[in-house]
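> only geometry, no sequence info:
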């Protein structure tokens, strides 16, 4: 008899915990892949099909017109404003405009003239 009372005391709170409703889960958003592009279309855009990243995915890599220009923020560039990998986070720096639309590189993102953390994308 004592064992059943002890079991009830242990199992009752566990059973009650199972009946607590969970918060609603957010909807899953599926990200669409880029539309495949032909070499001819890529060339018309001023780029070339290249294998990029660790997976060697074929991408249309296009140079940016302002590649290498001094910048203080992404708003200054066609692409992103990248700093040298050795920049310290929150250090006041100037960067250079991203050379191409390829996201693969090691760099510090420059925002408002301040270096962000160093990241490597591959």
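Sure, I can see it. Remember, it's a predicted structure, so these values are computed and weren't measured experimentally.
> Okay, domains of this structure per the record?
Taking automatic domain parsing as the criterion, the chain consists of the domains 34-63, 65-122.
> ok, and which of these has the densest surroundings?
A comparison of these by mean neighbour count, using mean count of other Cβ atoms under 10 Å, puts domain 65-122 on top with a mean of 16. C-beta here means a position set from N, CA and C on the backbone, and glycine is covered the same way.
> chain center to that domain, what's the gap?
14 Å (Cα atoms, centre = their mean, to the nearest Å).
> What segments of the protein are helices?
Assigned by DSSP state H, the chain shows helices spanning 2-18, 39-44.
> Now the weakest link among those helices, please, by mean pLDDT.
Here the lowest mean pLDDT among these goes to helix 2-18, at a mean of 59.
> Residue 74 contacts residue 83, doesn't it?
No - counting by Cβ atoms under 8 Å, residue 83 is not a contact partner of residue 74; they are 11.7 Å apart.
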